[in-house]
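Student: sequence isn't available, so here's the structure alone:
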C-alpha cells in the first residue's frame with residue numbers, strides 16, 4: 001500500500017491555533033491545519049508545525065528558538081518525503097524590536113521557500129511544492145498585543161501581501177493571500193477566531209489539492 005503524500009503546515013501561533021481572548025488553543029478540528037486535513041482525507045497526510053512566536057529568519061531577543069530558518073530543514077527531513085510545504089509566517093517579524101520593513105519580511109519568507117526547495121526533502125529527493133501564504137494584516141491591537149511589540153505594526157502588515165506574491169513568483173511557489181479571506185480577531189488584533197480558521201483551512205486545502213494534482 002502506497003503512503004499518502006505528506007503536507008507540512010509551517011507557521012506561528014496562527015497555525016498553532018492560539019485563541020485571541022484566552023491565548024489557549026483552538027481544538028484540533030477547528031485549527032486551519034485540522035480543517036485542511038479533514039478536507040484532504042484519503043488524499044494527503046497533513047502535519048501541523050505551528051509554533052507561537054516563530055519568525056521567518058530572525059532571532060527574537062525575548063523568545064528563544066523561534067527562528068523559522070534554523071528549524072525548517074530538520075523539520076522537513078523529519079517528515080520527508082514532503083509533497084507540499086505550506087508556509088504562513090511573517091506576523092512576528094512585525095514586532096518593533098526586530099526593526100524590519102515589509103520588504104525585508106517578505107524576503108525572509110521567500111528565502112524559506114528557496115531553502116525548502118533546495119533541501120532535497122521532496123519526493124525522490126527533489127523539491128517539495130510550496131504554498132506561501134501572506135498572513136492577514138493586524139487589526140486594532142490590544143494592550144497585551146502592544147506589549148508583544150505589535151503597537152505600531154498595522155500599516156506595515158497591510159503591505160505584506162503584494163510583496164509575498166512577488167517573493168512567491170520569484171521563488172517558484174504558489175501564493176495565497178490570507179488577508180483577502182479572513183481578518184484577525186478583535187480580541188487582540190493578532191490571532192484568528194474559529195470561523196477564520198475554517199475559511200482559511202478550506203482555502204488552503206483547495207490550493208494544496210491543486211498542487212498535489214499538478215505533482216501527480
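Tutor: All right, it came through fine. Bear in mind that the values here come from a model prediction, so they are computed numbers and not experimental data. Numbering: from 1, shown residues only.
Student: and the most centrally placed residue in the chain, bridged to which residues?
Tutor: In the chain, the residue lying closest to the centroid (Cα atoms, centre = their mean) is residue 88, at 1.5 Å. Counting by DSSP bridges, residue 88 is bridged to residue 11.
Student: OK, contacts around it?
Tutor: Residues near residue 88 by Cβ atoms under 8 Å, 6 or more residues apart in numbering: 9, 10, 11, 12, 14, 15, 133, 134, 135, 178. Glycine gets a C-beta too; all of them are placed from N, C-alpha and C.
Student: C-terminal to the one helix or strand residue 163 maps to, what's the next element?
Tutor: Using DSSP states H and E, residue 163 sits within helix 160-171. Once the chain leaves helix 160-171, the next helix or strand it forms, by DSSP H and E, is strand 174-177.
Student: now the helices for the protein?
Tutor: Per DSSP state H, the chain carries helices over the ranges 13-16, 32-39, 68-79, 102-118, 143-145, 154-157, 160-171, 194-215.
Student: for residue 92, find the nearest of these.
Tutor: The closest of the helices of the chain to residue 92 is helix 13-16. By Cβ to Cβ, the value is 8.1 Å.
Student: so how far is residue 191 from residue 68?
Tutor: Distance check for residue 68 against residue 191: by Cβ to Cβ, to the nearest Å, it reads 18 Å.
Student: how about residue 11?
Tutor: Counting by Cβ to Cβ, the gap from residue 11 to residue 191 is 12 Å.
Student: same thing with residue 104?
Tutor: From residue 104 across to residue 191, the span is 23 Å (Cβ to Cβ).
Student: looking at these two, which is more packed in?
Tutor: The neighbour comparison of residue 104 against residue 191 (other Cβ atoms under 10 Å) goes to residue 191, with 26 against 16.
Student: quick check: closest non-adjacent residue to that one.
Tutor: residue 20 (4.1 Å; Cβ to Cβ, 6 or more residues apart in numbering).
Student: so what's the residue count around the residue lying closest to residue 127 once chain neighbours are set aside?
Tutor: Leaving out its chain neighbours, the residue that sits closest to residue 127 by Cβ to Cβ, 6+ apart is residue 117, at 3.9 Å. For residue 117, the neighbour count with other Cβ under 10 Å is 19.
Student: contacting residues around residue 73?
Tutor: Contacts of residue 73 (Cβ under 8 Å, 6+ apart): 115, 116, 119, 121.
Student: surely the third one and residue 76 touch.
Tutor: Yes: in this structure, residue 119 is within contact of residue 76 by Cβ atoms under 8 Å, at 5.8 Å.
Student: who's more crowded, the two?
Tutor: Applying other Cβ under 10 Å to residue 119 and residue 76 shows that residue 76 carries more neighbours, namely 23 against 19.
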